[in-house]
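[1] Pasting the sequence and the predicted model now:
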Amino acid sequence: MMKRYIILTIFFSILGVSAISQNVLFSDDAENAYEIPRKGRNRAAFGHLYTGYRVAPAYFSSEENQVWNGEYFVGRRAKYALTRHYAMGWELEYLHTAVSWDMQVLMGSAEKSVSEKHRYVSHALLASYYNRITFGKVGDNIGKFLDVGVYGAWNFSKKSVVSGETGDGQSYETTKKSPGYDDDFFYGVKARLGIHRIAVTADYRLVTPDFTSAPSVDIYMPEFTVGLEFSLYKPKM
């Protein structure tokens, strides 16, 4: 009697587990069971914020003019994977450019030389299209990648500031909005080489402001800048 009871208990236990398992399996839609997620860092679509800073290598050795150029940028990027190792996407970006330099000018009838500080600042909106190649193993993270793209930008605000001191020690500062030697629109190419959230980025402008058209200014907006970029999203652990 006891042996029969144990056998029946085991039989009904197995039957119950089997029924529950089948209930869980068939409660899901068959299409959902095989559907690939459409969102994710390396899925069909992924978007995130990014920021970074670039400088001009051409000015690293310009000690005589004491020139400095810097570009700060922040934007929104979206990418759409077409294969496991190829994606395309777009960017919308705010770009802040600042170029500063010192120059010697003659003041007054005595032709005394004084130092003037010049600074040019522009604010631009940029839109770009890019292609991405992903290297190595592809999981649900960005991984190692190379981006190459083209862009167009609009300088919606720009100004130049000149400051210094006169021969008798009086300080002065003049500001000119929308200087004529700058371009309202420019375009170029960009490239990035990175892994996950950090990338080396380079920018080559095909149209640049012409500072040499301004009186007594021997300076130019650099065509090539390089720097670092940081993607802003929660890391995949």
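    Good, I have the coordinates. Numbering: from 1, shown residues only.
[2] so where's the protein uncertain?
    1-43, 61-66, 104-113, 138-140, 166-169, 180-182, 208-220, 235-237 (pLDDT under 70).
[3] Determine the longest strand present in it.
    In the chain, with assignment by DSSP state E, the single longest strand is strand 112-135.
[4] Skipping adjacent residues, who's closest to Gly143 in space?
    Thr134 (5.6 Å; C-beta to C-beta, 6 or more residues apart in numbering). Placement of C-beta: from N, CA and C, glycine included.
[5] no no, Gly188
    Nearest non-adjacent residue to Gly188 (C-beta to C-beta, 6+ apart): Arg205, at 4.2 Å.
[6] looking at it, the one you found is touching Asp183, isn't it?
    No. Arg205 lies out of contact with Asp183 (C-beta atoms under 8 Å); the separation is 9.4 Å.
[7] which parts of stretch 87-104 are buried?
    Buried positions in stretch 87-104, judged by neighbour count with 16 or more other C-beta atoms under 10 Å: Ala87, Gly89, Trp90, Glu91, Glu93, Leu95, Thr97, Val99, Ser100, Trp101, Met103.
[8] number of nearby residues for the residue nearest to Gly188?
    19 (other C-beta atoms under 10 Å).
[9] Okay, and the nearest residue to Ser178 once chain neighbours are set aside sits in which element?
    Leaving aside its chain neighbours, Ser178 sits nearest to Lys158 (5.8 Å; criterion: C-beta to C-beta, 6+ apart). Using DSSP states H and E, Lys158 maps to strand 144-165.
[10] Ok, Gly188 next?
    strand 185-195.
[11] sorry, back to before: from the buried residues of stretch 87-104, which is closest to Thr174?
    Among the buried residues of stretch 87-104, Met103 lies closest to Thr174 (C-beta to C-beta), at 14.1 Å.
[12] hang on, that closest one in a strand?
    Yes. With DSSP: H, G, I helix; E, B strand; the rest coil as the criterion, Met103 is located in a strand.
[13] so how many other residues sit close to the closest residue to it other than its chain neighbours?
    What sits nearest to Met103 in space, not counting adjacent residues and going by C-beta to C-beta, 6+ apart, is Glu116, at 5.6 Å. Counted with other C-beta under 10 Å, the neighbours of Glu116 add up to 17.
[14] Tell me how far Glu116 lies from Gly227.
    Applying C-beta to C-beta, to the nearest Å, one obtains 28 Å for the distance of Glu116 from Gly227.
[15] Report all helices and strands that whichever helix or strand Thr97 is part of contacts.
    Taking DSSP H and E as the definition, Thr97 sits inside strand 86-107. Judged by 3 or more C-beta pairs under 8 Å, 6 or more residues apart in numbering; DSSP states H and E, the packing partners of strand 86-107 are strand 68-81, strand 112-135, strand 144-165.
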